[in-house]
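Chemist: the sequence and its predicted three-dimensional model are supplied below.
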Amino acid sequence: MNITLKQKNLADGRISLFIEYYKGSSTNVQGKRIHLRDFEYLKLYLHPEPKTPKEKKENKETMVLAESILAIKKAEYVQGRYDLKDTVKSKRTFLTYFEELTDEKRLQDSSNNYGNWFSTLQHLKKIVSKNMTFEEIDERFVKKVHRYFEKEALTKSEIPLSQNSKYSYFNKFKAALRNAFDNGYLTINYAAKIKSFEQAESQREYLIFDELQRLAKTECKYPVLKKAFLFSCLSGLRWSDINSLIWKEVRDEGDISRVNFRQEKTEGVEYLYISKQARELLGERQDPQERVFKGLKYGMTYNTEIIRWCNRAAVPKHITFHSARHTNAVLLLENGADIYTVSKRLGHRELRTTQIYAKIVDSKMKEAAEIIPELNIELYVNRHQKVDIRY
């Protein structure tokens with residue numbers, strides 16, 4: 001590949017600098033020779049025919065910067081082509097890098113996700129030297145971490161980790177390795193070389209319709225929290241997607257409304273129709289870039305209020321914000337929605353994730369079989385023999 005610095009005259013008179021990646025040439029189906037090029041515009045500009053000392057100085061400084069960027073791009077290409085290590089990055093310590101990733105999750109305000117990253121970090125500090133650098137990472141190290149989570153890791157109460165904790169923490173460790181590989185700290189993607197733990201089926205707390213109705217009629221200390229929670233129950237959106245929802249993503253099309261958004265967890269673009277009642281919870285339309293649930297935030301204060309709100313509504317369950325999403329799935333299935341539709345609405349990548357809710361509904365159907373009180377029924381096996389049977 002030939003990597004060169006190029007110039008282009010713009011309509012406003014300036015000269016734009018860009019890097020051209022020339023990959024060679026080939027022949028298309030018509031027999032015409034075509035050249036394969038990619039371009040990267042640097043957003044650096046030169047003054048055409050500089051006249052003043054200031055313009056000449058600026059042009060010189062801009063060219064020095066552009067040439068430096070070109071040198072870096074060439075070096076990166078050579079490293080990638082010949083599998084060379086970036087010696088500066090390989091000297092960084094792994095725990096420092098993991099701490100930075102964890103802090104990024106905190107700033108993204110994704111509650112459960114940050115908590116899992118933080119817990120993983122605390123475990124890694126027990127078995128990874130604070131001076132360990134990326135150049136020391138190999139398959140033996142990765143297997144050592146796997147073995148630790150499998151057999152040695154304990155909770156604060158000194159009991160072995162649950163299967164889902166093993167699954168979650170080790171996946172965070174693998175995510176860090178994958179991120180390091182993508183960003184040039186590692187030349188081998190060790191995350192792809194080892195299998196994760198199996199995920200156990202977890203208990204999913206949800207509200208039945210009567211409980212949801214009681215919550216809707218009960219006062220919540222924070223009105224925005226109540227609206228957001230009920231909206232999640234009616235739409236199935238996650239906390240992270242509700243928290244970041246802006247008015248530009250809410251589309252009103254006559255009597256029909258929907259939200260167009262990118263799921264934070266899966267990065268997939270979703271087009272979700274919502275009910276009239278769910279749309280009413282959003283209120284009047286505001287500025288396109290303004291958050292729909294302005295003032296909503298994650299923290300112990302709001303989490304505690306959900307519990308107190310449930311207590312005031314006589315709902316004796318340990319309900320979290322994520323329980324609203326479970327509630328939506330169960331209510332949809334109970335009211336006749338097929339599992340494929342529910343899976344699509346929830347944005348699940350795999351149908352088996354949604355099937356967990358189908359099992360919940362199925363168990364409720366079994367419970368319903370015993371709801372009718374017992375009847376004292378008299379049956380006659382013949383005209384003279386009476387048998388009492390209770391149903």
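Modeler: Ah, there it is. Numbering: from 1, shown residues only.
Chemist: got the phi and psi for residue 91?
Modeler: With angles defined as degrees, to the nearest 10, residue 91 sits at phi -90, psi -10.
Chemist: these two touch, right, it and residue 131?
Modeler: No. Checked against CB atoms under 8 Å, the pair residue 91 and residue 131 is beyond contact range at 10.8 Å. From N, CA and C alone the C-beta is placed, and that goes for glycine too.
Chemist: the strands in the protein, which residues?
Modeler: 2-9, 15-27, 33-46, 250-253, 256-262, 269-274, 376-380, 386-390 (DSSP state E).
Chemist: how much space between residue 58 and residue 66?
Modeler: Counting by CB to CB, to the nearest Å, the separation of residue 58 from residue 66 is 12 Å.
Chemist: which stretches of this protein form helices?
Modeler: 53-81, 87-90, 94-107, 111-127, 139-147, 163-182, 209-217, 223-235, 239-244, 276-282, 300-312, 323-334, 339-346, 351-368 (DSSP state H).
Chemist: run through who's touching the fourth one.
Modeler: Pointing back at helix 111-127 there. 95, 98-99, 101-102, 105-106, 108, 144-145, 148-149, 152-153, 165, 168-169, 172-173, 239-240, 265, 298, 321-322 (CB atoms under 8 Å, 6 or more residues apart in numbering).
Chemist: buried ones among the residues you listed?
Modeler: Neighbour counting with 16 or more other CB atoms under 10 Å marks 95, 98-99, 101-102, 105, 145, 148-149, 153, 165, 168-169, 172-173, 239-240, 298, 321-322 as buried within these.
Chemist: among the helices of the chain, which is nearest residue 250?
Modeler: The minimum distance between residue 250 and those falls on helix 276-282, with 6.4 Å, by CB to CB.
Chemist: helices and strands around that closest one, which ones?
Modeler: helix 223-235, strand 250-253, strand 256-262 (3 or more CB pairs under 8 Å, 6 or more residues apart in numbering; DSSP states H and E).
Chemist: apply 6 Å and report the result again.
Modeler: helix 223-235 (3 or more CB pairs under 6 Å, 6 or more residues apart in numbering; DSSP states H and E).
Chemist: the helix it packs on vs helix 209-217, what angle?
Modeler: Between helix 223-235 and helix 209-217, the angle comes out at 150 degrees (axes from the mean of the first three to the mean of the last three CA atoms, to 10 degrees).
Chemist: centre of the chain versus helix 223-235, how much separation?
Modeler: Between the centre of helix 223-235 and the centre of its host chain there is 20 Å, according to CA atoms, centre = their mean, to the nearest Å.
Chemist: what does stretch 302-316 give?
Modeler: That offset, for stretch 302-316, works out to 27 Å (CA atoms, centre = their mean).
Chemist: what does stretch 173-189 give?
Modeler: Counting by CA atoms, centre = their mean, stretch 173-189 comes out at 18 Å from the chain centroid.
Chemist: got it, and stretch 63-75?
Modeler: With CA atoms, centre = their mean, you get 35 Å for stretch 63-75.
Chemist: residues in contact with that stretch?
Modeler: 3, 5, 17, 19, 42, 44 (CB atoms under 6 Å, 6 or more residues apart in numbering).
Chemist: neighbours of the last one, how many?
Modeler: Taking other CB atoms under 10 Å as the neighbour definition, residue 44 ends up with a count of 17.
Chemist: which residue is the nearest non-sequential neighbour of it?
Modeler: residue 17 (4.5 Å; CB to CB, 6 or more residues apart in numbering).
Chemist: ok, that neighbour to residue 45 distance?
Modeler: 7 Å.
Chemist: quick one: which of those two has more around it?
Modeler: More crowded of residue 17 and residue 45, by other CB under 10 Å: residue 17, with 22 against 18.
Chemist: residue ranges with poor pLDDT in the stretch 51-200 of the chain?
Modeler: 78-87, 108-112, 200 (pLDDT under 70).
Chemist: go again with 50.
Modeler: 82-84, 110 (pLDDT under 50).
Chemist: what's the burial count for residue 253?
Modeler: 8.
Chemist: quick check: beta-bridge partners of it?
Modeler: residue 256 (DSSP bridges).
Chemist: residues contacting residue 306?
Modeler: residue 319.
Chemist: repeat for residue 9
Modeler: residue 15.
Chemist: can you check residue 248 too?
Modeler: Contacts of residue 248 by CB under 6 Å, 6+ apart are residue 288.
Chemist: same question, residue 333
Modeler: 342, 357, 361.
Chemist: buried among those? Need that as a selection in PyMOL.
Modeler: Buried members of those, defined by 16+ other CB under 10 Å, are picked up in PyMOL with:
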select buried, resi 342+357
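Chemist: just give the nearest non-adjacent residue to residue 150, would you?
Modeler: Nearest to residue 150 is residue 166, by CB to CB, 6+ apart, at 6.6 Å.
Chemist: count the neighbours of the one you found for me.
Modeler: That count, for residue 166 with other CB under 10 Å as the rule, works out to 22.
Chemist: in this structure it contacts residue 148, no?
Modeler: No. Counting by CB atoms under 6 Å, residue 166 sits too far from residue 148 to count as a contact (10.0 Å).
Chemist: what's the local residue count around residue 340?
Modeler: Neighbours around residue 340, by other CB under 10 Å: 10.
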